[in-house]
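> Kindly generate the corresponding structure for this input.
(chains A and B)
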Amino acid sequence: MMNKQFEKAAKFIEKNCTADDFSLYLYKSDETATRYAQNMITQNMTGVKYGVRLNVAYGAKTGTSRINSLDETELKRMIETAQNIAKLNKPDPEFVPSSSKAKIPKTENMSENTVRFSMDGMVDIIKKTVDNAEKKKAFVSGIVTKTVSETYLKTKKGFEGSDSSTSFENSMTMADNKTREAKVERSVKDVKDYSIKKELDQLNSRFDALTEPKKIEAGQYNVILRPQAVINFFSFLLYFMDRKNADYGVTAFHDSIGKNMFGKNFSLISNLDEKDLTAASFSGDGIAARNVDWIKNGVVKDLFTSRSYAAKIKAQPNFIPNVIIRGGNATEQEMMKKVKNGLIINNFWYIRTVSMRKNEVTGLTRDGIYYFENGKIKHSVNNLRFNEVLHNAAKNILLLGKEDNIAAGTKVPTMLIKDFTFADTTSF
Amino acid sequence: MDHLSTALNHAQSLGAEYADIRIQKTTRETIFLMDLSLKNTSMNIEHGYGIRVMKNGAWGFAHSNVFAADEVKKTVEKAVKVAELSARIKKGKGLVLAHERGYIDSYSTKIQIDPFKVPLSEKVDLMLEVNKTLLNYAKIKRAFFMLDIYNDDKYFASTLGSVIHSNTYYINPMITATAVNDKDSQSRSFDEGGYGAGWEHVLKMNLVQKAVQIAEEAIMKLEADEPGEIRRRDLILDPNHLGLTMHESVGHPTELDRVLKWEADYAGVSFATPEKLKKYRYGSEIVNFVGDNTLSFGLATAGYDDDGVPGQKWYIIKDGILNEYGTTRDTAPFIGENMSRGCSRATYYYDFPINRIPNLYLEPGKKPLSPQELIADTEDGIYIEGRGSFSIDQHRVNFQFGGDMFWEIKNGKKVRPLKDVLYKSSNPEFWNSCDAICDDRYWKDFGVTNCGKGQPPQTARMTHGAATARFKKIRVGGSK
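Below is the predicted model of the structure:
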């Protein structure tokens, strides 16, 4: 059911906006976030945020205004501001009218359990986390966040959609005063699907497996990337796979559609039918969500296409409602046995583009890195820097684990990848 | 003003040991021109207030955008409840705030031409001329121009008696040209990172001329060679590039909250731990870093920070030795300091203030030296201009940085352009390898407006400055 405040604001804007075209986006986010560090709470905050964005057009001349209030005096000022900008602006040669009426898929992104979950409950979770760390003579830092969001989009051409979502997230890093540092993080739609015991067990397991790191040099290694490392690494595809940049030769995706660029073990899709995953039902500019195979068994099937560029090349526009990298059934044990030796990577950090045209990124390992040999973890090693080409890494996937819902709209597996390129060692 | 006293009185009546309220209106005009298409011409406002209370040695924070006495009181009550809950998990008596007194004062960025009042057509015409200039080159396939104009109008009041009004501005035109051929794509940007000034700053820039330069250099990069295998060479870094290098390898490691491991779960910690203060050789003797939140036109210059602490100037690195940190009222007592250096800043009204990098700059060299003389004195090196790919570990030790334009130096001369150059170094190797810094004639400041940190994430702004400097025998080459 649509938020009554949104309904009232939308009616007011429809009545008062005189532009040829408009697109109205409203959101409300009720967020509580409690930060903890070194076994104490350091910050704790709560409040409701509102956002109102109005895009208007006179012919091909556009203007946008955004405020954070639903007060009618402010809304009136916002309408005038957007309209004045558009009237004074130059025409946009790539202008497309606002979205027309569309069939918006139903998505289940809301949990009443999460809505009802109290701040006391969040502090209880932190208490368990801190007690666990103290038992291990360690220190824990992190954040517990609960968010309840509502969005609404309406255009003059007839698009209308609303969505509500909840998320509960706990991210925790446990470290000692020496070199051990391990992290787990998970976000869920429904707080009842979050088990602090399970998460602490995983944190403890990662922490306990850490030893004084042995020195390791740069080079190519077999790696087992755990899910957080997988998403942080391959999420750069979401930035590189823009269709216009591909067509203009800016990225490695130039002339890539239909070609096997990633190897048979790599599939990246968006799927609204995955019941355990949330999905945006429409984009902020009025594209209804749909299932898309971006990369299927290594073959590039589709690229992210904006509404204006889709109009130019007569293609269907799209966006990324959720992210799934397809997995398999291999266990970490089987992965360790598949190759003679290698490294288990919990996470990557500070990933940046090296070359868009080469599809190459750089970054460092973080939150625990282990050396394994003959099917067993032997010891920790120092962190390493990688410089790696995304599609080369995908081509080198040897085994895939089960998909893990690491975030409410993201599901990725653990991967065994051969010959992953580490270009530098680090001092810790 | 009534809301300020309503909030503080109510917080004290509920037992707060300390409270402050920050009423903040952030106005941002953004014009985004991609090629010749105006993708976004917008005026954005965030207006509301955040109330922070300390009770039982713990923080509570709540925010609202409803300006009514009842709502202000409710927001205070939420903040107090949050503080009481936070106090369930604390160490000893909990957080202690460094000493401070109250101030009644105001501060405003000195602007000559209010950028929000400049007609839209003047801004858009300039942007279109720049992008047309870029796209006139056949090999330039994408032209990007983002104009960012920003104003923070803020009232801060605290139970120490402070009532402070600050009104700060910055302006930042960012232009990128991307050249493409059948084998490669290369970009070159003009981006000085933002400046605490008005439209007069843009008028001084001659952006059309800059467009010609970046278009030609993007095309030059397209045809340039890669640097080959990583090997040790001398690096000469321009002030814009050094801005990012010092931000990552000096600014963040000397934020006290990282040192205290408060950011361990996301942004990371610091190798520059308290026992190293006044002893650790961070850089060579000519390396002096100053934290300066009084810097004219600085992006972190606002008169006072969000703890109500006045802007200050101090040495963070003195004669190469780690001297002091950037601190806040809640972090300083952990290292025995009884005053804060005034580095507490929040992005929007709904953000909790956190420990931030101040305006931070490298002092110029004391002996007369120009970049040309520095190049003439270098046998085997690479000269890097502007900012590119950058990545550093979560302890702020090991890093790999790229750049925006690269020149090979042989026997004292810039002999050819290069592309895709990266250098790898670490603390303390890097700043200890600094053997020459040009003099103050060549010192220039550059801004950062997108410094990401915190959970939930916030972006802060600050200014960095340097004169061109040389670093001996750094590992530099291609990506492998």
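> neighbours around the spatially closest residue to B:Gly57 that is not a sequence neighbour, how many?
Nearest in space to B:Gly57, with sequence neighbours left out and distances taken as C-beta to C-beta, 6 or more residues apart in numbering or on different chains, is B:Gly94 at 1.9 Å. All C-beta spots, glycine's among them, are computed from the backbone N, C-alpha and C. Counted by other C-beta atoms under 10 Å in any protein chain shown, the residues lying close to B:Gly94 total 19.
> looking at this, B:Gly94 is in a helix?
No. Assigned with DSSP: H, G, I helix; E, B strand; the rest coil, B:Gly94 falls outside any helix and is coil.
> Spit out the contact partners of it.
Listed by C-beta atoms under 8 Å, 6 or more residues apart in numbering or on different chains, the contact partners of B:Gly94 are A:40, B:56-58, B:87.
> Apply 7 Å and report the result again.
B:Gly94 is in contact with B:56-58, B:87, counting by C-beta atoms under 7 Å, 6 or more residues apart in numbering or on different chains.
> and what of B:Pro253?
Here B:Pro253 is in contact with B:270-272, B:396, B:427 (C-beta under 7 Å, 6+ apart).
> Surely it is within a helix?
Yes. Per three-state DSSP, B:Pro253 lies within a helix segment.
> pLDDT at A:Lys178, what is it?
pLDDT recorded at A:Lys178 is 87.
> so how far is chain B from it?
From A:Lys178 across to chain B, the span is 13 Å (C-beta to the nearest C-beta, to the nearest Å).
> how about the residues of the stretch 1-150 of chain B that lie near chain A?
B:36-38, B:40-48, B:58-65, B:78, B:82, B:85-86, B:88-91, B:120-121, B:124, B:128, B:141-142 (C-beta under 7 Å from any C-beta of the partner chain).
> Scan the contacts of B:Gly94 and report the most crowded one.
So for the contacts of B:Gly94 (other C-beta under 10 Å), the most neighbours sit at B:Ala58, 24 neighbours.
> returning to what we had before: can you tell me which of the residues of the stretch 1-150 of chain B next to chain A end up in strands?
Using DSSP state E, the subset of the residues of the stretch 1-150 of chain B next to chain A located in strands is B:37-38, B:40-48, B:58-64, B:141-142.
> Now for the closest residue to B:Leu207 other than its chain neighbours: which residues touch it?
Closest residue to B:Leu207 apart from its sequence neighbours, by C-beta to C-beta, 6+ apart: B:Val130 at 5.2 Å. Residues in contact with B:Val130 (C-beta under 7 Å, 6+ apart) are B:145, B:175, B:207-208, B:211.
> Please repeat the previous calculation with a cut-off of 8 Å.
Contacts for B:Val130 (C-beta under 8 Å, 6+ apart) come out as B:143, B:145, B:175, B:207-208, B:210-211.
> got the contacts of B:Gly94 as TSV, with pLDDT and distance to B:Phe190 columns?
Shown next, in TSV, are those (pLDDT from 0 to 100; distance: C-beta to C-beta, whole Å):
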residue	pLDDT	distance to B:Phe190
B:Asn56	97	52
B:Gly57	97	49
B:Ala58	97	47
B:Ala87	96	50
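> about what we covered before: please, a ChimeraX command that selects the buried ones among the ones in strands among the residues of the stretch 1-150 of chain B next to chain A?
In ChimeraX, a selection of the buried entries from these looks like this (16 or more other C-beta atoms under 10 Å in any protein chain shown):
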select /B:37,38,41,42,43,44,45,46,47,48,58,59,60,61,62,63,64,141,142
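> For residue 289, which non-adjacent residue is closest in space?
No chain specified, so I'll use chain A. A:Pro321 (3.9 Å).
> Chain B is the one I meant
Using C-beta to C-beta, 6+ apart, the nearest residue to B:Phe289 is B:Ile317, at 4.0 Å.
> Surely the one you found and B:Ser284 touch.
No. Using C-beta atoms under 8 Å, B:Ile317 makes no contact with B:Ser284, being 10.3 Å away.
> Of those two, give the one with the bigger neighbour count.
Neighbours per residue, other C-beta under 10 Å: of B:Ile317 and B:Ser284, the larger number sits with B:Ile317, 26 against 18.
> ok, the more buried one - contacts?
B:250, B:282-283, B:287-289, B:323, B:431.
> Now the buried members of the residues you listed.
By 16+ other C-beta under 10 Å, the contacts of B:Ile317 give B:250, B:282-283, B:287-289, B:323, B:431 as buried.
> Next up, phi/psi of B:Gln455, please.
phi -130, psi 120 (degrees, to the nearest 10).
> do the same with the one 3 residues further on
As for B:Gln458, its main-chain torsions (degrees, to the nearest 10) stand at phi -130, psi 160.
> check contacts around the closest residue to it other than its chain neighbours.
With C-beta to C-beta, 6+ apart as the criterion, B:Gln458 has its nearest non-adjacent residue at 4.2 Å, and that residue is B:Thr347. Residues near B:Thr347 by C-beta under 8 Å, 6+ apart: B:458-460.
> Between the residues you listed, identify the one with the most neighbours.
Highest neighbour count within those, by other C-beta under 10 Å: B:Ala460, with 21 neighbours.
> Confirm that it sits in a strand.
Yes. The assignment for B:Ala460 is a strand, going by three-state DSSP.
> That one and B:Tyr150, how far apart?
In this structure, B:Ala460 and B:Tyr150 are 12 Å apart, going by C-beta to C-beta, to the nearest Å.
> Give the helix, strand or coil label for A:Pro317.
In three-state terms, and counting by three-state DSSP, A:Pro317 is coil.
> How many residues are close by it?
20.
> so where does the residue lying closest to it once chain neighbours are set aside fall, helix or strand?
Excluding the flanking residues, the one nearest A:Pro317 by C-beta to C-beta, 6+ apart is A:Ala310, at 3.8 Å. Element membership for A:Ala310 (DSSP states H and E) is helix A:307-313.
> Packing partners of that helix?
Under the contact definition 3 or more C-beta pairs under 8 Å, 6 or more residues apart in numbering or on different chains; DSSP states H and E, helix A:307-313 sits against helix A:243-247.
> for the helix it packs on, packing partners?
helix A:307-313.
> Identify the residues contacting the helix it packs on?
Against helix A:307-313 from outside (C-beta under 8 Å, 6+ apart): A:94-96, A:99, A:243-244, A:247, A:285-287, A:305, A:315-318, B:37.
> CA atoms only: put stretch A:6-15 into PDB for me.
In PDB, the C-alpha atoms belonging to stretch A:6-15 read as follows (Å, rounded to 0.1, in the frame of the first residue of the first chain):
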ATOM      1  CA  PHE A   6       3.800  10.200  -0.700                       C
ATOM      2  CA  GLU A   7       0.300  10.100  -2.200                       C
ATOM      3  CA  LYS A   8      -0.400  13.600  -0.900                       C
ATOM      4  CA  ALA A   9       2.900  15.000  -2.100                       C
ATOM      5  CA  ALA A  10       2.500  13.400  -5.500                       C
ATOM      6  CA  LYS A  11      -1.000  14.900  -5.900                       C
ATOM      7  CA  PHE A  12       0.300  18.300  -5.000                       C
ATOM      8  CA  ILE A  13       3.100  18.100  -7.500                       C
ATOM      9  CA  GLU A  14       0.800  16.800 -10.300                       C
ATOM     10  CA  LYS A  15      -1.500  19.700  -9.600                       C
END
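> bridging residues for A:Tyr152?
A:Leu26, A:Ser162 (DSSP bridges).
> Can you verify my assumption that it contacts A:Ser162?
Yes. Contact criterion C-beta under 8 Å: A:Tyr152 and A:Ser162 qualify, at 4.5 Å.
> okay, those two: which has more neighbours?
Counted by other C-beta under 10 Å, A:Tyr152 and A:Ser162 do not tie: A:Tyr152 has more neighbours, with 22 against 19.
> Do you know the pLDDT at the more buried one?
Per-residue confidence at A:Tyr152 stands at 96 (pLDDT).
> Touching both of A:Tyr152 and A:Ser162, which residues are there?
A:2-3, A:6.
> what does the stretch 351-480 of chain B put close to chain A?
Contacts of the stretch 351-480 of chain B with chain A, taken as C-beta under 8 Å from any C-beta of the partner chain, map to B:352, B:354, B:389-395, B:397-398, B:400, B:402, B:420, B:422, B:424, B:426, B:455-456, B:479-480.
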